[in-house]
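> sequence plus the predicted model coming up.
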Amino acid sequence: MVFFAFAFLLTALGAVLLLMRRWSWCSCHVCRAYLTGSWAKEFTNLGDWYAHLLRESPTGTVHIHVLGCTVTANPANVEYMLKTNFDNFPKGKKFAELLGDLLGGGIFNVDGDAWRHQRKMASLELGSVNVRSYAFKIIAEEITTRLMPVLADAADKGTVIDLQDVFRRFAFDTICKISFGLDPGCLDPEMPVSKLADAFDAATRLCAMRGAAVSPMVWKMKRLLNIGSERELRKNIKIVDELAAAMIQERRARGVSNSHDLLSRFMASVGDDAVDDKYLRDIVVSFMLAGRDTVSSALTTLFMLLSKNPEVASAMRAETPAGSEAPLTFEQLKGLHYTHAVLFENMRLFPPVQFDSKFCAAADVLPDGTYVSSGARVMYHPYAMGRMPSIWGPDHHAFRPERWLITGPGSSFVPANAYKYPVFQAGLRVCLGKELAIAEMKAVAVAVVRAFDVEVVDRNGSGICAPKFVSGLTASISGGLPARIRRVRNLI
């Protein structure tokens, strides 16, 4: 106890000295606003403050000195980091340390050969026609048999439901079926609590808190002493580990041959004996992070925006084929260009992953002239980039799906430059599950819009919610998204 007390006091003293050194060295208004939290007097979210700073910067790049971090919304810088000089901007050991307890050696937390190997395996599986067909069948079934009945029940009873919670449950069920061949049943009528989902939510939130700390010494000492947020994190990661292990064992017991879920195909392709349970556990957690939180986040903000813009929901209905309430096929969904534009416009304003960080391996100069020292953190910020007039014009703040369409017959969707819109990352680390995620979001959006009007309300049942995001690896709205569901009277 004496040793731990001494170590804690020594670390606390070190942290104080570090802050004092940085404070005296940097008296700029940006660092003082970050340290004191005074930015919150004017901005709802930290991302909104970053967007303001980046709009004011001539280069679209700013320094947060107390974090040792360069933040950029300059597309040329993003392309340089993610493509041109990719090898000099890895995730880095510091990032791996922040998320290592949760993500382990999964694809989102590694560089070099480990990353290349996992990406190659994931690319082969996600590119398989059989896997995509299997996945879309699960998505369509989950929409028809679970999501739509839950919404219909809320509409018939006139109850207010938390759409964010509903979409999280939906996404968790689908990703577990697609990735592991197991059904947690979170969206069953009784809405059962999932220990795994809750533990995963808490763990991602607490890991994100590590990254926001001015000094890593604080959370490292808390981890050493097993106190506070680090104690809570350890408890939740233990739950994730235990339930992931149970998933793996059940998958083995059922057999992996002739199964189309991603875990089975991965185990079969490399040989089950060739991988240990820890490696498989990291794969399981990575699949959950990729397929659950991002989809539910995008769907949540989509219906928040549609509630404020009912004319957009009407235009989406008008685009869908008439004469049938049956789920649309994958090919039919591909032809819905306006709906595609709505999804991309939603994620421009509210990207599921609001920022991403790399670490500069060797001292470098970004295309805008910004010098980055060796070992420094560089953050590119999709949330801020969606609010830059230099990228999207003077109406950057407006929800306008038409900006993605070529006007005229057909109104075809035209994607933006990936480095201006790095919502799915870009370059060598571009999201492998992008097409499947878009298909899933499109299928949900179309099914819900065809049958229901969604009105977002506040806690008292009236008005419109303003999005305030909580800390996490993906964006989630504080307090959820309370909504009233009404049936569309005249279905097309």
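Thanks, I have the structure now.

> can we go C-alpha only for contacts and neighbour counts from here?
Fine.

> tell me where the protein has strands.
Here the chain has its strands, by DSSP state E, at 61-64, 69-72, 160-162, 356-359, 364-365, 371-372, 377-380, 452-456, 482-487.

> separation between the closest residue to residue 71 other than its chain neighbours and residue 351?
Spatial nearest neighbour of residue 71, excluding adjacent residues (Cα to Cα, 6 or more residues apart in numbering): residue 379 at 4.7 Å. Using Cα to Cα, to the nearest Å, we find residue 379 at a distance of 15 Å from residue 351.

> likewise for residue 285?
21 Å.

> compare those two (neighbour count), which wins?
For the pair residue 285 and residue 351, the greater number of neighbours falls to residue 351 (27 against 20), based on other Cα atoms under 10 Å.

> residue contacts, that one?
For residue 351, the set of contacting residues under the criterion of Cα atoms under 8 Å, 6 or more residues apart in numbering consists of 298, 382, 383, 423, 475.

> farthest-separated two in these?
For the contacts of residue 351, with distances taken as Cα to Cα, the pair at the greatest spread is 298 and 382 (13.6 Å).

> more neighbours: these two, which one.
For the pair residue 298 and residue 382, the greater number of neighbours falls to residue 382 (32 against 27), based on other Cα under 10 Å.

> residue 418 is in contact with the more buried one, correct?
No: judged on Cα atoms under 8 Å, residue 382 makes no contact with residue 418 at a distance of 10.8 Å.

> can I get the contacts of residue 351 in CSV with distance to residue 181 and pLDDT?
Written out in CSV, the entries for the contacts of residue 351 read as follows (distance: Cα to Cα, whole Å; pLDDT from 0 to 100):
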residue, distance to residue 181, pLDDT
298, 24, 96
382, 33, 97
383, 34, 97
423, 28, 96
475, 27, 91
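
> residue 372 pairs with what?
Each beta-bridge partner of residue 372 is listed here, defined by DSSP bridges: residue 364.

> let me see the contact set for it.
In this structure, residue 372 makes contact with 70, 360, 363, 364, 365, 366, 378, judged by Cα under 8 Å, 6+ apart.

> now list the buried members of the residues you listed.
Burial of the contacts of residue 372 was assessed by neighbour count (16 or more other Cα atoms under 10 Å); the buried members are 70, 360, 364, 366, 378.

> not counting its neighbours along the chain, what's nearest residue 433?
Counting by Cα to Cα, 6+ apart, residue 126 is the residue found nearest to residue 433 once chain neighbours are left out, at 6.8 Å.

> then residue 231?
For residue 231, ignoring the flanking residues on the chain, the nearest one in space by Cα to Cα, 6+ apart is residue 223 at 6.8 Å.

> ok, that neighbour touching residue 230?
Yes: applying Cα under 8 Å, one finds residue 223 in contact with residue 230, separated by 5.0 Å.

> okay, the two: which has more neighbours?
residue 230 (21 against 17).

> list the contacts for that one?
Going by Cα under 8 Å, 6+ apart, residue 230 touches 206, 219, 222, 223.

> and for the closest residue to residue 106 other than its chain neighbours, the neighbour number?
Closest residue in space to residue 106, ignoring its immediate chain neighbours: residue 282 at 4.8 Å, by Cα to Cα, 6+ apart. One way to gauge burial is a neighbour count; for residue 282, by other Cα under 10 Å, it gives 22.

> so residue 282 versus residue 175, what's the distance?
Between residue 282 and residue 175 the distance, using Cα to Cα, works out to 15 Å.

> again with residue 184
Residue 184 sits 10 Å away from residue 175 when distances are taken as Cα to Cα.

> quick one: which of the two has more around it?
The residue with more neighbours, out of residue 184 and residue 175 and counting by other Cα under 10 Å, is residue 175; that gives 27 against 18.

> is it true that that one touches residue 288?
Yes: under the criterion of Cα under 8 Å, residue 175 makes contact with residue 288 at 6.6 Å.

> flag the shaky bits of this protein, pLDDT-wise.
Applying pLDDT under 70 to the chain flags residues 1-25, 214, 270-275, 323-324, 408-410, 459-466, 490-492.

> pull the number of nearby residues for the closest residue in space to residue 49 that isn't next to it in sequence.
Distances taken as Cα to Cα, 6+ apart put residue 43 closest to residue 49, at 5.9 Å, once the chain neighbours are dropped. The local packing count at residue 43 equals 14, with neighbours defined by other Cα under 10 Å.

> could you measure from residue 43 over to residue 300?
Here residue 43 is placed at a distance of 21 Å from residue 300 (Cα to Cα).

> got it, and residue 101?
With the distance defined as Cα to Cα, residue 101 ends up 28 Å from residue 300.

> so these two - more neighbours on which side?
Neighbour totals were compared for residue 101 and residue 300, and residue 300 leads with 25 against 15 (other Cα under 10 Å).

> contact partners for the residue nearest to that one when sequence neighbours are not counted?
Excluding the flanking residues, the one nearest residue 300 by Cα to Cα, 6+ apart is residue 164, at 5.3 Å. Shown here is residue 164, whose contacts under the criterion Cα under 8 Å, 6+ apart are 296, 297, 300, 477, 480, 481, 482.
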